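Trainee: Pasting the sequence and the predicted coordinates here, then a few questions.
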Amino acid sequence: MKAAPRPRVTEVTHPLVQHKLSYLRDSSTPTVHFRKLVNELTLLLTYEATKDFPTESVEIETPLERMEASRISGKKVAVCPVLRAGMGMLDGVLSLISSARVGFIGMYRDEETLLPVQYYVKLPADLSERDAIVLDPMLATGNSSAAAIAAVKEAGARTVILVCLVAAPEGIEHLHSEHPDVHVVCASIDRGLNDRGFIVPGLGDAGDRLYGTK
């Protein structure tokens, strides 16, 4: 019998990640800088999220001689941001994995029930041949992320990694209760949730801060 997957969480504590996260948390950081920082931070988190990608040896010609070099071995990737805030993370991933296909999952949180409401899904037709990276900046209650991952799995994704900026312990626990196989990569595991279901200390509403709305 195959053993059940062990829940996996990677909190990236690299000084560059924590430095940029400190500016994201700062309420005085303007929209233009917040947007740039989300892009840069996502790039660094993607580096960590993809470190287990398999490689293969290929023979190449340098300007001086032939050699054996390593390249990623035919990994097909789909990047799936959760609208709208996940869009702010998309370019950071595509700057490293330019050949990835992109899918979109539209969800919003009902502020009364804290449950996700899905309003749009558009995923690559060949998702069953790809490994998915789901982008959702805030893993708070875990409801929206879990629903987005369920949609990606139903479409046939081979594996799923969730990349988020900040996570709450409650969100991680809930996500892994439904999807224990999903690797979560984040810049911080914060203290918890407040009575409104927002991460504290957190960084506020990522979508509002990305796009200058309230």
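Mentor: Structure received.
Trainee: which ones are touching the residue most central in space within the chain?
Mentor: The chain has residue 163 as the residue nearest its centroid, 2.0 Å off, counting by CA atoms, centre = their mean. Residues in contact with residue 163, defined by CB atoms under 8 Å, 6 or more residues apart in numbering, are 42, 45, 46, 49, 89, 93, 133, 134, 135, 136, 185, 186. Quick note: C-beta positions are derived from backbone N, CA and C, even for glycine.
Trainee: What of residue 81?
Mentor: 87, 89, 90, 102, 104, 105, 134, 135, 136.
Trainee: could those residues go into TSV alongside secondary structure, neighbour count and distance to residue 142?
Mentor: Output for the contacts of residue 81, formatted as TSV (DSSP: H, G, I helix; E, B strand; the rest coil; neighbours: other CB atoms under 10 Å; distance: CB to CB, whole Å):
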residue	secondary structure	neighbour count	distance to residue 142
87	helix	17	20
89	helix	28	18
90	helix	18	21
102	strand	15	23
104	strand	17	20
105	strand	28	15
134	strand	25	12
135	strand	27	15
136	coil	29	10
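Trainee: and the two most separated of these?
Mentor: Using CB to CB, the contacts of residue 81 reach their maximum pairwise distance at 102 and 136, which is 14.7 Å.
Trainee: how many other residues sit next to residue 156?
Mentor: 15 (other CB atoms under 10 Å).
Trainee: ditto for the one 4 residues further on
Mentor: For residue 160, the count of nearby residues is 20 (other CB under 10 Å).
Trainee: partner residues bridging it?
Mentor: residue 132 (DSSP bridges).
Trainee: That one contacts residue 175, correct?
Mentor: No. Taking contacts as CB atoms under 8 Å, residue 160 lies outside contact range of residue 175: 10.6 Å.
Trainee: Overlap of the contact sets of those two?
Mentor: 149, 182.
Trainee: Which of the three states applies to residue 120?
Mentor: Of the three states, residue 120 takes strand under DSSP: H, G, I helix; E, B strand; the rest coil.
Trainee: need the contact list for it.
Mentor: Here residue 120 is in contact with 83, 104, 105, 106 (CB under 8 Å, 6+ apart).
Trainee: rerun that using 6 Å as the cut-off
Mentor: Residue 120 makes contacts with residue 106, as judged by CB atoms under 6 Å, 6 or more residues apart in numbering.
Trainee: pLDDT score for residue 141?
Mentor: Residue 141 is assigned 91 on the pLDDT scale.
Trainee: Pull the number of nearby residues for it.
Mentor: 21.
Trainee: per-residue confidence for the nearest residue to residue 99 once chain neighbours are set aside?
Mentor: Distances taken as CB to CB, 6 or more residues apart in numbering put residue 77 closest to residue 99, at 7.5 Å, once the chain neighbours are dropped. At residue 77, the pLDDT value in this model is 91.
Trainee: Is it correct that residue 77 is in contact with residue 101?
Mentor: No. Using CB atoms under 6 Å, residue 77 is not in contact with residue 101, being 7.5 Å away.
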